[in-house]
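# Kindly generate the corresponding structure for this input.
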Amino acid sequence: MQAVVKFDNVPDAVELRDVPEPERLGAGEVLLRVAAASVCGSDVHQWRNKQSWKVNVPVIMGHEFCGTIEAKGDDVQGFVTGERVACETAARICGECVYCRTGRYNICPKRLGYGYGVDGAFTRYVVARPALLHRIPESVNFEFASLTEPLSVAVNGLIERARVKPGDTVAIIGPGPIGLMCVQVARVCGAGAIVLIGLERDRPRLELGRQLGATHALALPNDDAMKFIRGFGDGFGLDLTVDTTGVSASLKLCLDLVRPAGQIVKIGWGPQPLDFNLDMLVQKAVTLHGSFSHSYGTWERSLGLMAAASVQLQPMISAVLPLADWEHGFAGMEDGALVKAVLKPE
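Below is the predicted model of the structure:
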């Protein structure tokens, strides 16, 4: 079978290769036939070797995916072949640490995720643990279900970590896929104002953000975010600011825009060190949340939002491509021409 493989930890060391199909299932394993796998910004980072995490090369990339159950081990209960399922990303966990035992396996110290730690979903077949699987609602197609993971990132950050309340004012830095998902989650939670912030080159995505629920959109540096916030509401700042980019300057902007006793959620990864002082975090008595990954309940909530049509996914899918066109999808997301690319192995 063909697969998109990162074969070395140097820039551009990704190619389409023939790899062997899984030969046999171990105890407690399920074989998934991948129906759709969406491209994440982290996949693009790995392509350019700009990621902040260790990659166990060679590895099949891809971690946002769904499909059908092709086969299952004899000891697997509760699922039948042919069922449509979406799959979480925590491919391997220890199962013994305090975090695994309390349902927070997303931060298990031994966690290995699909697409960087173990072979992922940019191929035909993936082996998974049944505990990672979620039945896809009938009203949700495979392309939409492949976006369950990025939606769950937003749900974890804005509902389970920061807990947006009705009437809250929210700024989201970065109009990429995660930022646009955060816009929609903030809207679902009843935020009173949602300010989406990007750069001049992000104008098309900022406009898409307006369509998805942002009440205001600012493009830096021409739009002065600080001036806007000083003239907004009582002038003290926003209840919640969200960094989805991972760039040091974005976190600094979050700190500048948040009101005293407000909240910041940092979702984006970035290898660069901070280049600013954190005293304002103390002076404002701000709560800073790190938000990583998700767990079972997050995925169920996200699929429920999809089933209820509470989030719009079609406008975010810019291209559905065969596996052979993976580079077009990666490059289009890198230069902003595509919001979200979905790869279909078949």
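# As a check, name the ranges of all strands in the stretch 101-250 of the chain.
125-128, 133-135, 169-173, 193-199, 216-220, 238-243 (DSSP state E, counting those that start in this stretch).
# Any chance of the ones you listed in TSV with distance to residue 39 and mean neighbour count as columns?
All C-beta atoms are positioned from the backbone trio N, CA, C, and that covers glycine. Shown next, in TSV, are these (distance: least, Cβ to Cβ, whole Å; neighbours: other Cβ atoms under 10 Å):
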stretch	distance to residue 39	mean neighbour count
strand 125-128	16	21
strand 133-135	21	19
strand 169-173	21	29
strand 193-199	19	25
strand 216-220	24	18
strand 238-243	21	28
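# how about those strands in JSON lines, adding mean pLDDT and distance to residue 291?
Shown next, in JSON lines, are the strands of the stretch 101-250 of the chain (pLDDT from 0 to 100; distance: least, Cβ to Cβ, whole Å):
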{"stretch": "strand 125-128", "mean pLDDT": "98", "distance to residue 291": "24"}
{"stretch": "strand 133-135", "mean pLDDT": "98", "distance to residue 291": "20"}
{"stretch": "strand 169-173", "mean pLDDT": "98", "distance to residue 291": "13"}
{"stretch": "strand 193-199", "mean pLDDT": "98", "distance to residue 291": "17"}
{"stretch": "strand 216-220", "mean pLDDT": "97", "distance to residue 291": "23"}
{"stretch": "strand 238-243", "mean pLDDT": "98", "distance to residue 291": "9"}
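# can you list these in JSON lines and add distance to residue 82?
Below are the strands of the stretch 101-250 of the chain laid out as JSON lines (distance: least, Cβ to Cβ, whole Å):
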{"stretch": "strand 125-128", "distance to residue 82": "15"}
{"stretch": "strand 133-135", "distance to residue 82": "12"}
{"stretch": "strand 169-173", "distance to residue 82": "39"}
{"stretch": "strand 193-199", "distance to residue 82": "40"}
{"stretch": "strand 216-220", "distance to residue 82": "44"}
{"stretch": "strand 238-243", "distance to residue 82": "39"}
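# Tell me which of these lies nearest to residue 263.
Nearest to residue 263 among the strands of the stretch 101-250 of the chain is strand 238-243 (4.8 Å), distances taken as Cβ to Cβ.
# Distance from the chain centre to that closest one, please.
For strand 238-243, the separation from the chain centroid amounts to 18 Å (computed by Cα atoms, centre = their mean, to the nearest Å).
# outside of that strand, which residues touch it?
Outside strand 238-243, the residues that touch it by Cβ atoms under 8 Å, 6 or more residues apart in numbering are 157-158, 162, 164-165, 168-174, 179, 182, 193, 195, 229, 232, 250-251, 253-255, 257-259, 262-268.
# who are the neighbours in contact with the residue nearest the centre of the chain?
Closest to where the C-alpha atoms of the chain average out (Cα atoms, centre = their mean) is residue 150, at 3.0 Å. Residue 150 makes contacts with 38, 40, 64, 177-178, 181, 340, as judged by Cβ under 8 Å, 6+ apart.
# closest one to residue 346 among the strands of the stretch 101-250 of the chain?
Closest to residue 346 of these, according to Cβ to Cβ: strand 125-128, at 11.4 Å.
# Tell me which other helices or strands the closest one touches.
Packing partners of strand 125-128 (3 or more Cβ pairs under 8 Å, 6 or more residues apart in numbering; DSSP states H and E): strand 30-38, strand 64-72.
# and the angle from the first one to strand 64-72?
Spelled out, that is strand 30-38. Here strand 30-38 runs at an angle of 160 degrees relative to strand 64-72 (axes from the mean of the first three to the mean of the last three Cα atoms, to 10 degrees).
# Which strands or helices does strand 30-38 pack on?
strand 64-72, strand 84-87, strand 125-128, helix 142-145, strand 340-344.
# got those as a markdown table, with distance to residue 5 columns?
Formatted as a markdown table, those follow (distance: least, Cβ to Cβ, whole Å):
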| stretch | distance to residue 5 |
| --- | --- |
| strand 64-72 | 16 |
| strand 84-87 | 19 |
| strand 125-128 | 14 |
| helix 142-145 | 23 |
| strand 340-344 | 14 |
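# closest one to residue 223 among these?
Residue 223 sits nearest to strand 340-344 of all the helices and strands packed on strand 30-38, at 24.9 Å, using Cβ to Cβ.
# what's the closest one in contact with?
For strand 340-344, the surrounding residues in contact (Cβ under 8 Å, 6+ apart) are 4, 35-39, 62, 122, 143, 146-147, 150, 177, 316-323, 325-326, 328-330, 332-333.
# pretty sure residue 60 is touching residue 5, no?
Yes - proximity of residue 60 to residue 5 meets the contact threshold set by Cβ atoms under 8 Å, at 5.6 Å.
# Touching both of these two, which residues are there?
residue 19.
# roughly how far out does whichever strand or helix holds residue 331 sit from the chain middle?
Assigning secondary structure by DSSP states H and E places residue 331 in helix 326-334. On the basis of Cα atoms, centre = their mean, helix 326-334 sits 17 Å off its chain's mean C-alpha point.
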